[in-house]
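Chemist: using only what follows, build the 3D model:
(4 chains)
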There are 2 protein chains.
Amino acid sequence: MTVEKGATGGRSGRGASSRGPVSRRELAVARVLDPARERAETKVKAFLDAAHELLNGDSGEEFTVQEVIERSGQSLRSFYQHFDGKYELLLALFEDGVNTATRQLREAIAEASTPIDRLHRFAIDYFRLCQPPPRTRTQKRGFAPGFATFAQQLLTGHPQEASHAFVPLTELLTELLAAAEADGSIRPGLEHPRVAGVILQAVMFNAFAATIGGVPVQSNSGDPAEELWQLLIHGIQP
Amino acid sequence: MTVEKGATGGRSGRGASSRGPVSRRELAVARVLDPARERAETKVKAFLDAAHELLNGDSGEEFTVQEVIERSGQSLRSFYQHFDGKYELLLALFEDGVNTATRQLREAIAEASTPIDRLHRFAIDYFRLCQPPPRTRTQKRGFAPGFATFAQQLLTGHPQEASHAFVPLTELLTELLAAAEADGSIRPGLEHPRVAGVILQAVMFNAFAATIGGVPVQSNSGDPAEELWQLLIHGIQP
DNA sequence: CTGCGGGTGAGAATCACATTATCGTTTTCG
DNA sequence: CGAAAACGATAATGTGATTCTCACCCGCAG
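Modeler: Numbering: from 1, shown residues only, chains lettered A, B, ... in the order given. As a prediction, the model looks like this:
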């Protein structure tokens, strides 16, 4: 029962024991626990991978538990052994997505030199990540289309879990905002965490969905991400 | 089959025949059609009312088709006679909500005198409308909690229908933006429809959901609506 | 009057999914 | 080794939405 929650992501490397147990007693415990953990993580990974493939797979939309177990070669029994239900699977998937995205964004912003440039880079790349992959192979594993719905459900229905899942992203963005403020390139006195939330939300849903204001032939100036960014920094005033 | 789509709202008065048929033939047709139409609209209204009550009713969340027909005193058969399915019902409900909201917002902004004030008023009041009613009676019929999810599904899954449903709101806001631009109180050269979409989206989801960036004790400066508005006009730059 | 067709109510039937339960079998661990 | 846990396969249950069946009622053309 406790396994599922703890195993929601196998991300931080496989070496759960790598951070050195302190006593022989703990070592012994670890020796017996680790194989079990490893097995569990393998299975969990199988499920997550299968689900992930299904999400940006053919239909590009939702998936059933059946499909997941078929594609993963595991059994239904096993699935419910590891996850409290479909919801938990989605949550785990989502966490993974957020973590991956955060990592990629950290890389991306490393290329920029000034705080404001890093903010800019963050916004633009985050927008891209949130956009449904343009129908090519080897997609970079951003959020998939199905995630939009889930993210929304999470935000409206479980604010607790939602903000928790977003922590990596908000932390990163909050850092960037703080740096920019210290640098004098953004207005002081903003509540960075809150502003970070607003920005993330705005960018994400703008990328996910076609904007509410119709879907013209995107004829104009072009890059929607850039436009949104301009709006975010300058506001609508002159 | 065509009835449902056309009857999604009984708003524009009941007098469908008031615009005078031209020939006796048409009159005859109307004589037989009108009662039918009237009956249909009555029924549709019954369903919509029931659904609406359920939405901000006790549980405040989702509802089943069963519940709708029980509360409306109609039959399941009849339900599917008038609506293509639950989805259509939700859509109709949503359209109604948008229309009502638009009407209320028009009233609200009438109290402001300058274009920029009207924009401000719009943003603030729209935010309020989108917020789940604070547990009091006589709520003003904004969007209910369940709408958040639906709005999102609509936006991500059916951009077409979504932007159509939002038309009244985007039109209003676009007008306001244009007026403000003409007035010189906002930056020129913005694509108003698109900006309107962004604003609506940002405000709506910020009001609907707790913001991504945690839910602190909202201790700070206070009014979240006002804060968001400040962010929208000034951006994050100094 | 009379029977016919469309709209209707009541409810059973069907479908799609998620979630649980059952039952041998295998693996693991003390 | 023997009990406990995990597993696979598969059937069962439960909840909703959607569809189907049957009988009825009502206006009207013959």
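Chemist: hmm, stretch A:74-93 touching DNA strand D?
Modeler: Yes. On the criterion C-beta under 7 Å from any atom of the strand, stretch A:74-93 is in touch with DNA strand D at A:74, A:75, A:76, A:77, A:78, A:81, A:82. All C-beta atoms are positioned from the backbone trio N, CA, C, and that covers glycine.
Chemist: so how do I select the buried members of those residues in PyMOL?
Modeler: Of those, the buried ones go into a single PyMOL selection, burial set by 16 or more other C-beta atoms under 10 Å in any protein chain shown:
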select buried, chain A and resi 74+82
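Chemist: redo the residues of stretch A:74-93 next to DNA strand D as a markdown table? Include distance to residue B:61.
Modeler: Formatted as a markdown table, those follow (distance: C-beta to C-beta, whole Å):
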| residue | distance to residue B:61 |
| --- | --- |
| A:74 | 33 |
| A:75 | 33 |
| A:76 | 29 |
| A:77 | 31 |
| A:78 | 32 |
| A:81 | 30 |
| A:82 | 29 |
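Chemist: please read off the pLDDT at residue A:61 from the model.
Modeler: If you check residue A:61, the pLDDT there is 74.
Chemist: now it, what's its secondary structure?
Modeler: Classification of residue A:61 using DSSP: H, G, I helix; E, B strand; the rest coil returns coil.
Chemist: which parts of the helix or strand containing residue A:231 are buried?
Modeler: Using DSSP states H and E, the element containing residue A:231 is helix A:224-234. For helix A:224-234, the neighbour count (16+ other C-beta under 10 Å) marks A:224, A:225, A:227, A:228, A:229, A:230, A:231, A:232, A:233 as buried.
Chemist: can I assume the fourth one is in contact with residue A:199?
Modeler: No. Using C-beta atoms under 8 Å, residue A:228 is not in contact with residue A:199; the gap is 9.6 Å.
Chemist: any shared contact partners between those two?
Modeler: Here residue A:228 and residue A:199 have residue A:123 as joint contacts, going by C-beta atoms under 8 Å, 6 or more residues apart in numbering or on different chains.
Chemist: and residue A:167, how far from DNA strand D?
Modeler: 29 Å (C-beta to the nearest atom of the strand, to the nearest Å).
Chemist: related to what we said a few turns ago, can you put the buried residues of helix A:224-234 in JSON lines and add distance to residue B:48?
Modeler: Compiled in JSON lines, the buried residues of helix A:224-234 are given as follows (distance: C-beta to C-beta, whole Å):
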{"residue": "A:224", "distance to residue B:48": "35"}
{"residue": "A:225", "distance to residue B:48": "39"}
{"residue": "A:227", "distance to residue B:48": "38"}
{"residue": "A:228", "distance to residue B:48": "36"}
{"residue": "A:229", "distance to residue B:48": "41"}
{"residue": "A:230", "distance to residue B:48": "41"}
{"residue": "A:231", "distance to residue B:48": "36"}
{"residue": "A:232", "distance to residue B:48": "38"}
{"residue": "A:233", "distance to residue B:48": "43"}
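Chemist: what's the farthest-apart pair in these?
Modeler: Pairwise distances across those peak at 15.4 Å for A:224 and A:233 (criterion: C-beta to C-beta).
Chemist: what helices or strands is the helix holding residue A:231 leaning on?
Modeler: Judged by 3 or more C-beta pairs under 8 Å, 6 or more residues apart in numbering or on different chains; DSSP states H and E, the packing partners of helix A:224-234 are helix A:115-130, helix A:192-208, helix B:192-208.
Chemist: neighbouring contacts of it?
Modeler: Here helix A:224-234 has contacts from A:120, A:123-124, A:127-128, A:186, A:199, A:202-203, A:206-207, A:211, A:218, A:221, B:187, B:191, B:194-195, B:198, B:235-237, using C-beta under 8 Å, 6+ apart.
Chemist: do the same with stretch A:63-76
Modeler: Residues contacting stretch A:63-76 (C-beta under 8 Å, 6+ apart): A:43, A:46-47, A:49-51, A:53-55, A:78-79, A:86, A:89, A:146.
Chemist: lowest-confidence entry in those?
Modeler: residue A:146 (69).
Chemist: who's in contact with the spatially most central residue of chain A?
Modeler: Centrality entry for chain A: nearest residue to the mean C-alpha point is residue A:98, 1.6 Å, by C-alpha atoms, centre = their mean. Residue A:98 makes contacts with A:165, A:166, A:168, A:169, as judged by C-beta under 8 Å, 6+ apart.
Chemist: next: residue A:209.
Modeler: Applying C-beta under 8 Å, 6+ apart, we find residue A:209 in contact with A:148, B:152, B:155, B:156, B:159, B:162, B:201.
Chemist: and DNA strand C, which of these contact it?
Modeler: Counting by C-beta under 7 Å from any atom of the strand, no member of the contacts of residue A:209 is near DNA strand C.
Chemist: most neighbours of all these, which one?
Modeler: For these, the largest number of neighbours (other C-beta atoms under 10 Å in any protein chain shown) sits with residue B:155, at 28 neighbours.
Chemist: my guess is that residue meets residue A:213, correct?
Modeler: No. In this structure, residue B:155 is not within contact of residue A:213 by C-beta under 8 Å, at 11.4 Å.
Chemist: can you pull the domain assignment for chain A?
Modeler: Domain assignment for chain A, taken from automatic domain parsing, gives A:1-84, A:93-238.
Chemist: mean pLDDT lowest for which of those domains?
Modeler: The minimum mean pLDDT among the domains of chain A belongs to domain A:1-84 (a mean of 70).
Chemist: would you confirm that residue A:121 contacts residue A:110?
Modeler: No. Contact status for residue A:121 versus residue A:110: not in contact, 9.1 Å apart, counting by C-beta under 8 Å.
Chemist: who has more neighbours, the two?
Modeler: Between residue A:121 and residue A:110, counting by other C-beta under 10 Å, residue A:121 is the more crowded of the two (18 against 10).
Chemist: near DNA strand D, which residues of chain A show up?
Modeler: A:3, A:39, A:40, A:43, A:74, A:75, A:76, A:77, A:78, A:81, A:82.
Chemist: now, the most widely separated pair of the residues you listed?
Modeler: A:39 and A:76 (17.9 Å).
Chemist: just the helices in chain A please.
Modeler: A:2-6, A:24-56, A:65-72, A:76-82, A:86-110, A:115-130, A:145-157, A:159-183, A:192-208, A:224-234 (DSSP state H).
Chemist: hey, which of the ones you listed is tucked in deepest?
Modeler: helix A:192-208 (a mean of 23; mean count of other C-beta atoms under 10 Å in any protein chain shown).
Chemist: can you name every helix or strand that that helix contacts?
Modeler: helix A:115-130, helix A:145-157, helix A:159-183, helix A:224-234, helix B:145-157, helix B:192-208, helix B:224-234.
Chemist: I'd guessed residue A:187 sits against residue B:236; true?
Modeler: Yes. Under the criterion of C-beta under 8 Å, residue A:187 makes contact with residue B:236 at 5.9 Å.
Chemist: out of those two, which sits in the more crowded spot?
Modeler: residue B:236 (22 against 17).
Chemist: run through the residues that contact the more buried one.
Modeler: Applying C-beta under 8 Å, 6+ apart, we find residue B:236 in contact with A:177, A:186, A:187, A:190, A:195, A:232, A:233.
Chemist: cool, thanks, talk later.
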